[in-house]
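> Take this sequence and fold it.
(2 chains)
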Number of protein chains: 2
Amino acid sequence: MAKFTDVHRGMKGITADELTAAHRADLAIQADEKVQFERAWADPASGEVHCLSEAPSAGAVRRIHERAGHPADEIHPVPLMV
Amino acid sequence: MAKFTDVHRGMKGITADELTAAHRADLAIQADEKVQFERAWADPASGEVHCLSEAPSAGAVRRIHERAGHPADEIHPVPLMV
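Numbering: from 1, shown residues only, chains lettered A, B, ... in the order given. The predicted structure is shown next:
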């Protein structure tokens, strides 16, 4: 298992309720790929959403986000953390 | 106070010790600008480092990172969080 951050673009105007609903859609199916989404941060002005997860691979993160209806534009492994 | 994420590029090969030292350099002076750096994640392969902070402004985050010797390439406000 490793840590990943991912970025979604084009979410301008996203609301707190929409962010919560999107995160819950991930949580509902994440066990299928042994992914654990931990946090998500959004900027409605720029339309960027960033997520932090623990997962077996970037592909597992990508598949869960795709199936939940919000494919990621970037997925980065982040093996170091403080 | 608001949440911010920021990105540093060009840190290929960064080690755990270097990430810790960089984070401590921020912590040592962050009170000057009422910034609180919470977490940082790094990918030595891509050379990207992402930080999460709470601060009065993006400018405050920018100034602390500059004074600590590692200016940020991007700073994003993230008013929504789950």
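
> Show the residue spans covered by the helices in chain A.
Secondary structure of chain A by DSSP state H: the helices cover A:16-29, A:58-67.

> Give me the spatial nearest neighbour of the residue nearest the centre of chain A, chain neighbours excluded.
Centroid check for chain A by Cα atoms, centre = their mean gives A:C51 as the closest residue, at 4.0 Å. Spatially, and ignoring its direct neighbours in sequence, A:C51 is nearest to A:A40 (4.5 Å; Cβ to Cβ, 6 or more residues apart in numbering or on different chains). The C-beta positions use only the backbone N, C-alpha and C, and glycine is treated the same way.

> re the thing from before, quick one: which of the helices of chain A is nearest B:D32?
Closest approach to B:D32 among the helices of chain A (Cβ to Cβ): helix A:16-29, 31.6 Å.

> Can you name the residues of chain A sitting close to chain B?
Within chain A, the residues that sit near chain B (Cβ under 8 Å from any Cβ of the partner chain) are A:3, A:5, A:14-16, A:19-20, A:23, A:39-46, A:48, A:50, A:52, A:76-82.

> Among these, name the ones in strands.
In strands, defined here by DSSP state E, the members of the residues of chain A next to chain B are A:3, A:5, A:39-43, A:48, A:50, A:52, A:76-77, A:80-81.

> Pick out the one among those residues with the largest number of neighbours.
Neighbour counts for these (other Cβ atoms under 10 Å in any protein chain shown) peak at A:A42, which has 27 neighbours.

> Could you measure from that residue over to B:A21?
31 Å (Cβ to Cβ, to the nearest Å).

> what's the answer for A:E18, then?
For A:E18, the distance to B:A21 equals 39 Å [Cβ to Cβ].

> Have a look at the two and say which one is more surrounded.
A:E18 (15 against 12).

> what pLDDT does that one get?
If you check A:E18, the pLDDT there is 97.

> what's the helix or strand of chain A with the lowest mean pLDDT in contact with?
The weakest-scoring helix or strand in chain A, judged by mean pLDDT, DSSP states H and E, is strand A:74-77 (a mean of 92). Here strand A:74-77 makes contact (Cβ atoms under 8 Å, 6 or more residues apart in numbering or on different chains) with A:2-7, A:58, A:61-62, B:43, B:45-46, B:48, B:50.
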